[in-house]
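J.: Give the three-dimensional model of this entry:
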Amino acid sequence: MSCQRTAAYLDRYLCRPDLGYDQAVVMGALQFIDLNLGGGQVDRFREPGGLWQEWLQEASHQQADTDPTPHFLSLVRRLCAFVDECAEAL
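T.: Here you go, the predicted structure:
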């Protein structure tokens, strides 16, 4: 998934706190992309009062005081490491 597509997904679905799709996973993936490739795309979502903070507070399926991004960033890192290991084995 490209950085632009990932950001477009978040632009669309962070405005819908009633929908609990993959917003947290996608936020972790965007954080991973930014850390590894740069671009600063995640910053505009995570700034105070940004869409991510609003979504966390308004989404009934989320705990407003808990940001799941670190968990999903770790998950994306582990998945990428697994893919890298599999690719090396081939």
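
J.: where do the helices sit along this structure?
T.: 3-13, 23-37, 43-46, 51-58, 69-89 (DSSP state H).

J.: Please identify the deepest-packed of these.
T.: Stretch with highest mean neighbour count among these: helix 23-37 (a mean of 19; mean count of other CB atoms under 10 Å). In this view, the C-beta of every residue, glycine as well, is placed from N, C-alpha and C.

J.: which residues of this structure score low on pLDDT?
T.: Residues of the chain meeting the criterion pLDDT under 70: 1, 63-65.

J.: For the residue nearest the centre of it, which non-adjacent residue is spatially closest?
T.: Of all residues in the chain, the one closest to the mean position by CA atoms, centre = their mean is M27, 0.9 Å from it. Nearest residue to M27 in three dimensions, chain neighbours excluded: T69, at 5.2 Å (CB to CB, 6 or more residues apart in numbering).

J.: For that neighbour, list the residues it contacts.
T.: 24, 27-28, 31, 46, 52 (CB atoms under 8 Å, 6 or more residues apart in numbering).

J.: isn't D67 right next to L56, touching?
T.: Yes. Using CB atoms under 8 Å, D67 is in contact with L56, at 6.4 Å.

J.: From E88, how far out is F72?
T.: Per CB to CB, to the nearest Å, F72 is found 25 Å from E88.
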